[in-house]
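Visitor: The sequence and its predicted three-dimensional model are supplied below.
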Amino acid sequence: MDVRKIKKLIELIEKSDIAELEIVEGEESVRISRNSPAPMMVAAPAPVAAAPVAPAAPQAGFAASAGTAPEAPIGETIDSPMVGTFYEAASPTSPPFVKVGDSISIGDTLCIIEAMKMLNQIESEKSGVIKEILVENEQPVEFGQPLFIIE
């Protein structure tokens, strides 16, 4: 691979919001990452409309009381470390890595996020019990989007 091409790719990454880029040409490949080489779970504030909310209450002719307003999730969230497609299992016929009610430990695989045709196993950096899974299988996810709530 031409060094000039690599330098140009580095410049493009620096000017954009892309965190990582991998290019394969034949048997040669190059990976350019803005962050450390090991994928890391990063705690980031949740986007405002990222988490699905419960079905809306039946509409009434008066304003909703404070008790029916959606509340912040109880427990800690595990957020997406990258942009990609969320997969709950290793293959369509495999059982999900985790389900609601499962106990997890640090290092347990929670899901896979496909980014740029690469499958990235997302491992837990926290221990606890899965209280809620906030995304559907094969749903696109954003960086920092909450994926799981644990307690």
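Guide: Here it is on my side, so go on.

Visitor: Next, the buried residues of the helix or strand encompassing residue 29.
Guide: Assigning secondary structure by DSSP states H and E places residue 29 in strand 28-33. Using 16 or more other Cβ atoms under 10 Å as the test for burial, strand 28-33 gives residue 32. C-beta here means a position set from N, CA and C on the backbone, and glycine is covered the same way.

Visitor: And stretch 135-147, by the same measure?
Guide: Using 16+ other Cβ under 10 Å as the test for burial, stretch 135-147 gives 135, 141, 143, 144, 145, 146, 147.

Visitor: now stretch 4-22
Guide: Within stretch 4-22, the residues scored as buried using 16+ other Cβ under 10 Å are 9, 13, 20, 21.

Visitor: So what's the model's average confidence on it?
Guide: Averaging pLDDT along stretch 4-22 gives 78.

Visitor: And stretch 29-39, by the same measure?
Guide: Here stretch 29-39 scores 66 as its mean pLDDT.

Visitor: Output whichever helix or strand comes after the strand holding residue 29 as PDB - backbone C-alpha positions only.
Guide: Going down the chain from strand 28-33, the next helix or strand is strand 76-79, by DSSP H and E. This file holds the C-alpha atoms of strand 76-79, laid out as PDB (Å, rounded to 0.1, in the frame of the first residue of the first chain):
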ATOM      1  CA  GLU A  76     -26.300   1.800  35.400                       C
ATOM      2  CA  THR A  77     -26.200   1.800  31.600                       C
ATOM      3  CA  ILE A  78     -23.800   0.000  29.400                       C
ATOM      4  CA  ASP A  79     -23.300   2.200  26.400                       C
END
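
Visitor: how about low-confidence regions in the chain?
Guide: 1, 35-73 (pLDDT under 70).

Visitor: starting at the chain centroid, how far to the strand holding residue 29?
Guide: Remark: strand 28-33 is offset 22 Å from the chain centroid, using Cα atoms, centre = their mean, to the nearest Å.

Visitor: ditto for stretch 106-118
Guide: Put simply, stretch 106-118 sits 8 Å off its chain's centre (Cα atoms, centre = their mean).

Visitor: And it, what's buried?
Guide: 110, 111, 112, 113, 115.

Visitor: which stretch of helix or strand covers the fourth one?
Guide: This points to residue 113. Here residue 113, judged by DSSP H and E, is contained in strand 109-115.
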